[in-house]
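Participant: structure of the sequence below:
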Amino acid sequence: MPSKVRIALDAMGGDVGPAVVIPGAAISLGRHRDTEFLLVGDRARIGPELDKHPKLKATSRIVHTDVAVSMEDKPSQALRRGRKTSSMWLAIDAVKKGEADVAISAGNTGALMAMARFHLRTLPGIDRPAISAIWPTLRGESVVLDLGATLGGDAHHLVSMAVMGAAKASVLFNKTRPTVGLLNIGAEEIKGHEEIREASEILRARNLPELDYIGFVEGDGIGKGLADVIVTEGFSGNIALKAAEGTARQMAELLRNEMQRSWTSKLGYLFARSAFQALRNKMDPNKSNGGVLLGLNGVVVKSHGGTNAEGFAYAIDVGYEMAHYDLLNKINQMLNREGGALKSVQPAPEDVS
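Facilitator: Sure, this is the predicted structure:
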């Protein structure tokens, strides 16, 4: 474990920028005193926010740049315009140079993935990275990936994500052989696209020591916690994530309205306040913020662009845990254990965008 965890923040990323990033960092620092921050962005905007948090200021350094990646930029545009100059690139570059243990951004997802993949490169046997996150379930928590790093994916991509997700779950959940399921439209082996069925056949045939493959899992199985790891391609994963977040907010609003409908419901709320608060905490999307880009030669965390300071603090917490417990090295060890979990799986051709 490093004595200090050094975190590079893209201070200009997200819908708001420093007004959320800086107070979020201050909240996370209160939970992890052994943190140092590299704040990358426009000094004129970062400075006034940082002055409001003396403790954070004492453990932070500003790297100035007035170039920021727009939320509307396409990945190719972001690489052309922001390479070597933007706050997003410089935060990733700090990881590349060893000046930071992890980079965190709430900026454009496509741009972040493109820059991180271009600059840090991928691990051996991994052709495309994936965004992984912790998903609260009825049984506890599950690792779900890919949540939107890349759209589509062949059987090799799905198998590689299964191995990476299992590696992450084994460390976070302290399980020797985490259960893994492939997200599909049905549990029957004949259902789903060809690449999903092929990935299922490979996982069954290989019987990898890193994971316990349980087969297909339908959409409602994620929340039920049917597997420690749920694997899907980025298009379906992102839709599932946004649908779950929207449902959580909808349920919270419906519950709030019902509790205010009559004096009896208000009285009932008073008696059950602690239970409702616990439910609200479990359903709060901000508490699950922070997706790790697995498969890279470095740790990069993606935060929701529209999150608040508390939500961004949770994304920083994720990055802190990844660095503090050296999860990247442990994931690498699992990927290469016994000659490499992916050694017998043929890699897919490199994508060209």
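
Participant: quick one: the helices in the stretch 251-353 of the chain, in order.
Facilitator: 263-271, 273-283, 309-324, 327-336 (DSSP state H, counting those that start in this stretch).

Participant: now the longest one - C-alpha only, PDB.
Facilitator: In other words, helix 309-324. Below are the C-alpha coordinates for helix 309-324, written out as PDB (Å, rounded to 0.1, in the frame of the first residue of the first chain):
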ATOM      1  CA  ALA A 309     -20.200  17.200  -5.000                       C
ATOM      2  CA  GLU A 310     -21.200  14.200  -2.900                       C
ATOM      3  CA  GLY A 311     -21.400  12.000  -5.900                       C
ATOM      4  CA  PHE A 312     -18.100  13.100  -7.200                       C
ATOM      5  CA  ALA A 313     -16.600  12.400  -3.800                       C
ATOM      6  CA  TYR A 314     -17.800   8.800  -4.200                       C
ATOM      7  CA  ALA A 315     -16.000   8.600  -7.500                       C
ATOM      8  CA  ILE A 316     -12.800   9.800  -5.800                       C
ATOM      9  CA  ASP A 317     -13.300   7.200  -3.100                       C
ATOM     10  CA  VAL A 318     -13.400   4.500  -5.800                       C
ATOM     11  CA  GLY A 319     -10.200   5.700  -7.300                       C
ATOM     12  CA  TYR A 320      -8.600   5.900  -3.800                       C
ATOM     13  CA  GLU A 321      -9.600   2.200  -3.100                       C
ATOM     14  CA  MET A 322      -8.200   1.100  -6.500                       C
ATOM     15  CA  ALA A 323      -4.800   2.800  -5.700                       C
ATOM     16  CA  HIS A 324      -4.600   2.200  -2.000                       C
END
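
Participant: average pLDDT for it?
Facilitator: Taken as a whole, helix 309-324 has a mean pLDDT of 92.

Participant: same thing with stretch 204-220?
Facilitator: pLDDT averaged over stretch 204-220 gives 90.

Participant: repeat for stretch 238-249
Facilitator: pLDDT averaged over stretch 238-249 gives 81.

Participant: and the end-to-end length of stretch 37-53?
Facilitator: Using C-alpha to C-alpha, to the nearest Å, one end of stretch 37-53 lies 13 Å from the other.

Participant: and if you look at stretch 37-45?
Facilitator: Note: stretch 37-45 ends 16 Å apart using C-alpha to C-alpha.

Participant: and it, how far out from the chain middle?
Facilitator: 23 Å (C-alpha atoms, centre = their mean, to the nearest Å).

Participant: distance of N297 relative to N329?
Facilitator: For N297, the distance to N329 (C-beta to C-beta, to the nearest Å) stands at 11 Å. Placement of C-beta: from N, CA and C, glycine included.

Participant: where do the helices sit along the stretch 51-200 of the chain?
Facilitator: Using DSSP H, counting those that start in this stretch, helices in the stretch 51-200 of the chain cover 54-58, 75-82, 87-96, 109-120, 155-172, 194-206.

Participant: E245 is nearest to which of those?
Facilitator: helix 109-120 (14.7 Å; C-beta to C-beta).

Participant: now the closest one: buried residues?
Facilitator: 109-117, 119-120 (16 or more other C-beta atoms under 10 Å).

Participant: contact partners for the most centrally placed residue in the chain?
Facilitator: In the chain, the centroid-proximal residue (C-alpha atoms, centre = their mean) is G291; its distance is 0.7 Å. Applying C-beta atoms under 8 Å, 6 or more residues apart in numbering, we find G291 in contact with 131-133, 147, 301-303, 318.

Participant: I'd like to know which of the residues you listed are buried.
Facilitator: Judged by 16+ other C-beta under 10 Å, buried ones among the contacts of G291: 131-133, 147, 301-303, 318.
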